[in-house]
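Trainee: could you work out the structure for the sequence below:
(3 chains)
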Amino acid sequence: MTTDRTIERTWPDPEVAAELSALRRAAPLTHCITNLVADNFTANALLAVGASPAMVIAPEEAPGFATIAHALLLNVGTITQADAQAMRLAAAAARHAGKPWVLDPVGAGALPWRTAVVAELLDQRPAIVRGNASEILAVAGAAGGGKGVDSTAGSGEALPRAKDLAARLGAVVAVSGATDFVTDGEQVVAIPGGNALVTRVTATGCALGAIMAAFAGTLGSPLRAAVAASVLYKEAASRAGKVARGPGSFAVAFLDELSRVGVEG
Amino acid sequence: MTTDRTIERTWPDPEVAAELSALRRAAPLTHCITNLVADNFTANALLAVGASPAMVIAPEEAPGFATIAHALLLNVGTITQADAQAMRLAAAAARHAGKPWVLDPVGAGALPWRTAVVAELLDQRPAIVRGNASEILAVAGAAGGGKGVDSTAGSGEALPRAKDLAARLGAVVAVSGATDFVTDGEQVVAIPGGNALVTRVTATGCALGAIMAAFAGTLGSPLRAAVAASVLYKEAASRAGKVARGPGSFAVAFLDELSRVGVEG
Amino acid sequence: MTTDRTIERTWPDPEVAAELSALRRAAPLTHCITNLVADNFTANALLAVGASPAMVIAPEEAPGFATIAHALLLNVGTITQADAQAMRLAAAAARHAGKPWVLDPVGAGALPWRTAVVAELLDQRPAIVRGNASEILAVAGAAGGGKGVDSTAGSGEALPRAKDLAARLGAVVAVSGATDFVTDGEQVVAIPGGNALVTRVTATGCALGAIMAAFAGTLGSPLRAAVAASVLYKEAASRAGKVARGPGSFAVAFLDELSRVGVEG
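Mentor: Okay, here's the model as predicted:
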């Protein structure tokens, strides 16, 4: 599914290594309004990478905090009306403050109400939209409709619509899968590798979106941010897969490796 | 406490092995509205077993999703008014769509408000009610009243009331404890074994209810579903107990083993 | 930063050992209204230590349950309006029932709305206020203002204001950091040790507040409760640090060690 314009990136990669060092020096304050399944794992993944997570979800606090934080992640996985209100306010505040924000449209397509909320949030100009193939197809207005929150399409199948969506939004679109694709509508970067056990650990995709936000809050470029996060993620997953006995030990090793990639002597 | 009518089931068990293979082939979409402590562990346990979890909790989405999913779990552990509303709608939708649903009445008896919500939910005809002895006694209208969410009674003590409750509801009732009991009001199945460390890891009982829902969404019979989940659970706990140094490593090994039982060559 | 009046406590400590045995015998029912990131880890940490956790968060249930439980923890990490209402009711109920309660003012200073809620809750006379240096400075009315939920000040820097705050509130104040300080306004206890990886695992501070509540529900003295929890915590962290490869394996080993300190032969 890669085309002439697609380049491939994997660890070791000197540019990603430098970007990861920059993130660790900056320890970007990463504001997350995410789902109940992912809150803990996302915070731990951000801490492992070297970012400073803060889950601030009340409508009274979220918009103000979005202007202080380096970047914002909005994830609609277990969204309620109250969450939707906080997300609208936070996205608008981030946009007005010029802070990059990432949208993770979990379950878009399969669930009509949140699909409408996601469409509203897109008006606030996210820097990055990250999802699986079914979700990205749904956000692009194609017949998505995954099975609940898991994708029924491969990441490569969604790529043409992802490019169109990126061009239309003026945003970076990242499609997660066996190979991750990141595109700004022009360039396409493919990040292969990783380990299939990531699909057996909940919230790994959600945490990837948060790490993209942390990189976006550190680097100038959403494209470089999404690529750096994916390259780091695939490498950590690959290493964790070598020592795991199953999904429980994989999740533990994955957090360890997120903290080790680029640090080891 | 076992009687003439009680049969005992433990792993290895060819029927459970076949049912587990069927679950892994079907990867049943398992809709959970559960508690804040259990969301992550429940999703990971379902993924480890081979099911596809989705936590969809908004009243705007829960009833529609309950008709799409293969099965539904409702767990009242940290229930609020908003959750209660979503649960009422989801239970009614599942019932009308003919989808099996599981009720986990966490803390019933000790907490009057949720005990009343649980009584309401029972009208929607759950396929399975799963709890510890105190909770099942409370649901049965006996003087339950555990200590918070932990049981003050043994599973065997609750068995006579569990049988009556099952017969009255036309449902399967599962009582978790050192030995698990599953009954449809006529038959009683005892599942011994496991490891005491499950009582030192939060949300293990909650995740068991979710796995019962996944089996119920795969198999025709709630009785077989509840038995299969308990047999698998006791075996995974027993194996995890052999390698654990404490509750932290037990939880990790338990998820690993949930993914391995019935797969190993 | 320690003064003439400061004494230092570390494991092994016969008094803490006896207090830990008392906690394990009592298995105190510890009612927590905490944040979405910390719910699971807090419950697991309490179970590891030997307490009985219960997260009961609905305004319909929280005040009644606070009168039954042995102790209460309120943590404002992801507070919403609904949570604030439940916390006000629970704190008042605990106070009237004479049950000790612990306040963890996560993010106070950085976030104005919750800072006001925290000020209100202080009127209900917590037995212990636990936070990092920035949070304690903010609660004390000093120019706190940490970076999100992480501290920008060292624990020693906050000690003079912590002593004043403790004297003013008639409460124990615990400041977590590289060295923990616990003070009732007169005495100051310093608890050094631990391992820096605790700052790379989310919710470790939150769970410490819950363990202080469990000790407070067992022992007569909030000062002894806060000291015992900190000594236990530093020792478990130190041991976990010896076997961890990163934050993932540290969190697992830390829960194991919380269950082992004082038990080993």
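Trainee: so what's the residue most central in space within chain A closest to, chain neighbours aside?
Mentor: With distances taken as Cα atoms, centre = their mean, the residue of chain A nearest its centroid is A:Gly209 (1.6 Å). Distance criterion Cβ to Cβ, 6 or more residues apart in numbering or on different chains; nearest residue to A:Gly209, sequence neighbours excluded, is A:Asp104 at 4.0 Å. Every residue, glycine included, has its C-beta placed from N, CA and C.
Trainee: residue contacts, that neighbour?
Mentor: A:34, A:73-77, A:129-131, A:205-206, A:209 (Cβ atoms under 8 Å, 6 or more residues apart in numbering or on different chains).
Trainee: let's see 7 Å
Mentor: A:73-75, A:130-131, A:206, A:209 (Cβ atoms under 7 Å, 6 or more residues apart in numbering or on different chains).
Trainee: same question, A:Pro53
Mentor: By Cβ under 7 Å, 6+ apart, the contact list for A:Pro53 reads A:30, A:32, A:42-43, A:46-47, C:202.
Trainee: returning to that earlier point: now, the contacts of A:Asp104 that are in strands?
Mentor: Of these, the ones assigned to strands by DSSP state E are A:73-75, A:130-131.
Trainee: just the buried ones from the residues you listed?
Mentor: A:73-75, A:130-131 (16 or more other Cβ atoms under 10 Å in any protein chain shown).
Trainee: quick one: which of the ones in strands among the contacts of A:Asp104 is nearest B:Glu135?
Mentor: Nearest to B:Glu135, judged by Cβ to Cβ, of the ones in strands among the contacts of A:Asp104 is A:Asn75 at 32.6 Å.
Trainee: can I assume A:Leu165 sits in a helix?
Mentor: Yes: according to DSSP: H, G, I helix; E, B strand; the rest coil, A:Leu165 belongs to a helix.
Trainee: which residues touch it?
Mentor: Contact analysis of A:Leu165 by Cβ under 7 Å, 6+ apart lists A:136, A:139-140, A:173.
Trainee: how far away is it from C:Cys32?
Mentor: 42 Å (Cβ to Cβ, to the nearest Å).
Trainee: repeat that for A:Val263.
Mentor: Here the criterion is Cβ to Cβ. By it, A:Val263 lies 35 Å from C:Cys32.
Trainee: show me which of these two is the more surrounded one.
Mentor: Taking other Cβ atoms under 10 Å in any protein chain shown, A:Val263 and C:Cys32 do not tie; C:Cys32 has more neighbours (30 against 11).
Trainee: from chain B, how far out is that one?
Mentor: C:Cys32 is 9 Å from chain B, where distance means Cβ to the nearest Cβ, to the nearest Å.
Trainee: so A:Val182 sits in a helix?
Mentor: No: the assignment for A:Val182 by three-state DSSP gives strand, which leaves it out of any helix.
Trainee: returning to that earlier point: ok, of the contacts of A:Pro53, which one's closest to chain B?
Mentor: Chain B lies nearest to A:Thr42 out of the contacts of A:Pro53, by Cβ to the nearest Cβ, at 10.2 Å.
Trainee: picking that back up, neighbour count added to the contacts of A:Leu165, as TSV?
Mentor: Formatted as TSV, the contacts of A:Leu165 follow (neighbours: other Cβ atoms under 10 Å in any protein chain shown):
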residue	neighbour count
A:Ile136	32
A:Val139	25
A:Ala140	22
A:Val173	31
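Trainee: which one of those residues is nearest chain C?
Mentor: Out of the contacts of A:Leu165, the member with the shortest distance to chain C (by Cβ to the nearest Cβ) is A:Val139, at 25.4 Å.
Trainee: quick check: that closest one touching A:Ala108?
Mentor: Yes: if you go by Cβ atoms under 7 Å, A:Val139 and A:Ala108 touch, sitting 5.5 Å apart.
Trainee: off-centre distance for the strand or helix carrying A:Ser259?
Mentor: For A:Ser259, the element it lies in under DSSP states H and E is helix A:247-260. Chain-centre distance of helix A:247-260: 18 Å, with Cα atoms, centre = their mean, to the nearest Å.
Trainee: quick one: that helix near chain B?
Mentor: Yes: counting by Cβ under 7 Å from any Cβ of the partner chain, chain B has neighbours in helix A:247-260: A:247-249, A:252.
Trainee: now, which of these sits nearest chain C?
Mentor: A:Val252 (4.0 Å).
Trainee: for that closest one, give its distance to C:Lys242.
Mentor: For A:Val252 relative to C:Lys242 (Cβ to Cβ), the value is 17 Å.
Trainee: among these two, which residue is more densely surrounded?
Mentor: Ranked by neighbour count (other Cβ under 10 Å), A:Val252 and C:Lys242 place A:Val252 first, with 30 against 9.
Trainee: just the pLDDT for that one.
Mentor: At A:Val252, the pLDDT value in this model is 98.
Trainee: for A:Ala178, same thing?
Mentor: A:Ala178 is assigned a predicted lDDT (pLDDT) of 96.
Trainee: so can I have CSV of the buried ones among the ones in strands among the contacts of A:Asp104 showing pLDDT and distance to chain C?
Mentor: Shown next, in CSV, are those (pLDDT from 0 to 100; distance: Cβ to the nearest Cβ, whole Å):
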residue, pLDDT, distance to chain C
A:Leu73, 98, 14
A:Leu74, 98, 15
A:Asn75, 98, 12
A:Arg130, 98, 21
A:Gly131, 97, 22
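Trainee: need these in TSV (columns: distance to chain B).
Mentor: Shown next, in TSV, are these (distance: Cβ to the nearest Cβ, whole Å):
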residue	distance to chain B
A:Leu73	17
A:Leu74	15
A:Asn75	12
A:Arg130	18
A:Gly131	15
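Trainee: what is the burial count for A:Glu135?
Mentor: Using other Cβ under 10 Å, A:Glu135 has 32 neighbouring residues.
Trainee: next one: the one 3 residues further on
Mentor: Residues near A:Ala138, counting by other Cβ under 10 Å, number 27.
Trainee: how about the strand or helix carrying it as PDB, C-alpha atoms only?
Mentor: If you go by DSSP H and E, A:Ala138 is part of helix A:133-139. Output of helix A:133-139 as PDB, limited to C-alpha atoms (Å, rounded to 0.1, in the frame of the first residue of the first chain):
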ATOM      1  CA  ALA A 133      -8.300   2.300  10.000                       C
ATOM      2  CA  SER A 134     -12.000   2.000  10.800                       C
ATOM      3  CA  GLU A 135     -12.000   5.200  12.800                       C
ATOM      4  CA  ILE A 136     -10.000   7.200  10.300                       C
ATOM      5  CA  LEU A 137     -12.300   6.000   7.500                       C
ATOM      6  CA  ALA A 138     -15.300   7.100   9.600                       C
ATOM      7  CA  VAL A 139     -13.800  10.500  10.400                       C
END
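Trainee: please report how far A:His31 lies from A:Ala71.
Mentor: Counting by Cβ to Cβ, the gap from A:His31 to A:Ala71 is 7 Å.
Trainee: go on, A:Ala174?
Mentor: Distance check for A:Ala174 against A:Ala71: by Cβ to Cβ, it reads 15 Å.
Trainee: between those two, which is the more surrounded one?
Mentor: Between A:Ala174 and A:Ala71, counted using other Cβ under 10 Å, the more crowded position is A:Ala174 (31 against 28).
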